[in-house]
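*Asks:* Next comes the sequence, and after it the predicted model I'd like to discuss.
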Amino acid sequence: MHLAYCGIAAALRDHVASKSLNLVVLVVEAADALDTFVDAGRLFLRQSLNPKSYADPYVRAVKERSRDRSRDAEIFRRAAENGKGILLCASLDDVDEDVRLFADVVTEIPKPTPNQITAAFRLEGHVLTQAEQEMIESETWTRLVYAFQPGRPVKSGLRRLRETALGTSKPRATFSISGPTLADLGGLGAARDWGLELARDLIDFKAGLISWDDVDNGALVSGPPGTGKTLFAEALARTCGLPIIVASAAQWQACGYLNDLLKAMRDSFQEARSQGTALLFIDELDAIGSRAVADSHHMDYKRQVINGLLELLDGFARRSGVVVIGATNHPESIDPAILRPGRLDRHFEIPLPDASTRQQIFQFHSGFVVPQDQKERFNRWTEGMSGAGLQQLARDGRRAARREESPFVFEHIVQIAKPLIDLPAEHIRVAAYHEVGHAIVGLELGLELRSISITNQVFSEGISTLGGAQFTAPRFPMKTRSYFLDQIAVLMAGIAAETLVFGEFTETATSDPRSDLSRATALATKIEACFGMGSTLAVNPIAEKDLGRVRANDFKLRAAVSEILDSEFDRAKSILDLRNKALKEIAETFIESRAMSATEVISLLNSYPAGAKR
């Protein structure tokens, strides 16, 4: 409270004497300090601006931009009636332009000075040591509020801060000797190949054969949670023989004030540079944000953070010897400037592992190979599982072995895995027609089919995939509007086949965000709102996670998307109606075999020309 009061006094020192001072807008750099500054602002108005008044001073925090014009008018009225008022915000973007125009003073509250910190503790009867003062300066406002609760002795608060300061300590380089190298890991695709090439380049760099400019020293890895982005960075460091410094954009932001955040960022890079050659891993890089997002409430703050990172990546003091790996679950939220050449210009997507890769990952974590007669069962158990999930599976299996006091073997996995149950015949039949619908429409529209498959077993708990139609993506597609509409037609073909044969389609085809209808809806939205292929030529990049919100707020867009979906559903249904004899024959064969190659599907399709009826 004392520090907040000092900050307000310092910000208004040159304005207090003004008789025309009515409304003040003060920017608090630490957003988590707003509530404390509101209390300090009321105290300041009582003691400094209007000491004889018994009325509650008008002080409030503005935490987001208002869309309520009547509320803004109320601010004007209250400020005019009270004579004096203070509005506090974390960013001027949160305050309406008219309020800023109305205010007599708009200024920032400076960060507490060492003298102010020393004075605050001296008032409580404690003289800070130099180390304690530096600790207080580095703490976030929230931690200070939690540590120095009303009635708690100051020394107790300082002790609590020291005991919990481990999470906010300066970054330290570590050498991770135990664990896999890139040679031990599968499922990383191009990221693994790049890492192995980097290891060779670093050997040449250390030998003086090449300069640092010839080393690929920055990359972004992305993918769903648990796919192994952190594991990749650790394995890369081992492969290259580098110490690793682990940082996080979210941890940098937790430092509180902008200057502290930038200092934490610089400390991470400095620690990496001090090692000579090192790997700096920045997790949750999307937390820094992007300047391309126009609706941010903290645009100036974000701009300074991004500019600070860009300066560290390739500014005047270049990061010679430092390999930077950024990781994110949302690559679309990364500022484009961060991904330009010389920065994190390589982007590797790490997908969920396929069946073969899952077996390799499990073998690494468990220490034994999946038995041949259990591989199909294992693949079903682990379908959609990430590397982290497989590691947990092995951990649970070892725990089961310990409880039995026996060596860890695959039977322990059988004990803990979710049981599979037989799928009812009618479900298999619907799934078969659904996947054959995809296959026929895809072939009719010129796509290259690889195979189709369905299962006769599902997990006893949760949602399980019933089957799939696999197509080979064209190497150089002409991504016109027609190309995307064909993609939507193929996605709609499954429920079109169900509707044609059974009169309606099932909910399992639509309920998952990864379902056919969900993907078709997203692609139709992009055609209309993002690609310039709808009612306007304007291109508007929208993150995948925001497409639903954009549709919800634009009824014209919703109508256009619905029109596309209806049209492509009808087109897929018409194709299947013309090939309904082939649809039936392929589906009935498929139900028995549960897997068909492209050759088998095409052979039966050619046996029944278009228009042949049942």
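*Replies:* That came in fine, so what should we check first?

*Asks:* Now do the same contact list for L123.
*Replies:* Listed by C-beta atoms under 8 Å, 6 or more residues apart in numbering, the contact set of L123 reads H2. C-beta: built from backbone N, CA, C; applies to glycine.

*Asks:* do that again at 10 Å, thanks
*Replies:* H2, V154 (C-beta atoms under 10 Å, 6 or more residues apart in numbering).

*Asks:* same question, F531
*Replies:* By C-beta under 10 Å, 6+ apart, the neighbours of F531 are K479, T480, R481, F484, L523, T525, L537, V539, N540, P541.

*Asks:* Need the pLDDT of the fifth one.
*Replies:* What the model reports for L523 is a pLDDT of 93.

*Asks:* For it, what is the enclosing helix or strand?
*Replies:* helix 516-529 (DSSP states H and E).

*Asks:* Packing partners of that helix?
*Replies:* helix 425-444, helix 481-502, helix 547-552, helix 555-578 (3 or more C-beta pairs under 10 Å, 6 or more residues apart in numbering; DSSP states H and E).

*Asks:* Lowest average pLDDT across those?
*Replies:* helix 547-552 (a mean of 85).

*Asks:* before we move on, back to that, neighbour-wise, which of the contacts of F531 leads?
*Replies:* Among the contacts of F531, the one with the most neighbours (other C-beta atoms under 10 Å) is T525, at 25 neighbours.

*Asks:* gap between it and M478?
*Replies:* Using C-beta to C-beta, to the nearest Å, one obtains 21 Å as the distance from T525 to M478.

*Asks:* swap in S366?
*Replies:* In this structure, S366 and M478 are 46 Å apart, going by C-beta to C-beta.

*Asks:* Which among the helices and strands packed on helix 516-529 is found nearest to M135?
*Replies:* Closest to M135 of the helices and strands packed on helix 516-529 is helix 547-552 (C-beta to C-beta; 42.1 Å).

*Asks:* Would you mark the buried spots in the closest one?
*Replies:* Under the neighbour-count criterion of 16 or more other C-beta atoms under 10 Å, helix 547-552 has L547, V550, R551 buried.

*Asks:* helices and strands around whichever strand or helix holds Y5, which ones?
*Replies:* Taking DSSP H and E as the criterion, the element that holds Y5 is helix 2-12. Identification of packing neighbours for helix 2-12 by 3+ C-beta pairs under 10 Å, 6+ apart yields strand 23-27, helix 34-44, strand 85-89, strand 105-108, helix 114-123, helix 141-147.

*Asks:* mind running it again at 6 Å?
*Replies:* Contacts defined by 3 or more C-beta pairs under 6 Å, 6 or more residues apart in numbering; DSSP states H and E place helix 2-12 against helix 34-44, helix 114-123.

*Asks:* Return the angle between stretch directions for the longest one and strand 85-89.
*Replies:* Between the direction of helix 34-44 and that of strand 85-89, the angle (axes from the mean of the first three to the mean of the last three C-alpha atoms, to 10 degrees) works out to 160 degrees.

*Asks:* Just the buried positions in helix 34-44, please.
*Replies:* For helix 34-44, a neighbour-count test (16+ other C-beta under 10 Å) marks L34, T36, F37, V38, A40, G41, R42, L43, F44 as buried.

*Asks:* before we move on, what about stretch 194-210?
*Replies:* W194, G195, L198, A199, D201, L202, F205.

*Asks:* Determine how far it lies from the middle of the whole chain.
*Replies:* Relative to the chain's own centre, stretch 194-210 is displaced by 31 Å; criterion: C-alpha atoms, centre = their mean, to the nearest Å.

*Asks:* now swap in stretch 23-37 and tell me
*Replies:* How far stretch 23-37 lies from its chain's middle: 29 Å, per C-alpha atoms, centre = their mean.

*Asks:* So what touches it?
*Replies:* Applying C-beta atoms under 6 Å, 6 or more residues apart in numbering, the contact partners of stretch 23-37 are 4, 11, 61, 79, 85-90, 95, 103-106, 108-109, 141-142, 256-258.

*Asks:* Give me the mean pLDDT for it.
*Replies:* Per-residue scores along stretch 23-37 average to 81.
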